[in-house]
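Asks: my questions are about this predicted structure, shown below with the sequence.
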Amino acid sequence: MIVCDSCHAEMEVTRNGGGEDFELELLGILTVCPACGEEFDVTEDLLAASPTVTGPDGEPSVSVVTCPHCRARIELEFEEEEGENPPDLRS
């Protein structure tokens, strides 16, 4: 497992066959609750269980997650930058 210095995302490294190719699987993104200041992991399971808020264009724009510490509801917006994987996380 590796952790990104910029976004604190946890990723698992998997090698493909005998070559030098590898894949990164996003395991979670560490974020800080704006209400209580505690850090917690935003995982795919957490996002899958969370509702999304639809923007004015009809596209889902943010996910609403609950802080495991203080139970505050937090809107998370993901922005994908060209050529970058995984997406950046804004809270």
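Replies: Yes, it's here.

Asks: top strand in the chain by residue count?
Replies: The strand that spans the most residues within the chain, counting by DSSP state E, is strand 22-32.

Asks: so which bits of that one are buried?
Replies: For strand 22-32, burial by neighbour count (16 or more other CB atoms under 10 Å) applies to Leu26, Leu27, Gly28, Ile29, Thr31. In short, each C-beta sits where N, CA and C put it, glycine included.

Asks: now the helices: where do they sit in this structure?
Replies: For the chain, the helices defined by DSSP state H cover 44-49.

Asks: distance of the residue nearest the centre of the chain relative to Val64?
Replies: Centroid-nearest residue in the chain, with CA atoms, centre = their mean: Ile29, separated by 4.3 Å. Relative to Val64, Ile29 is positioned 15 Å away (CB to CB, to the nearest Å).

Asks: which residues are contacting the longest strand of the chain?
Replies: Here strand 22-32 makes contact (CB atoms under 8 Å, 6 or more residues apart in numbering) with 1-3, 7-16, 38-44, 74, 76, 85-86, 89, 91.

Asks: fine, thanks again, bye for now.
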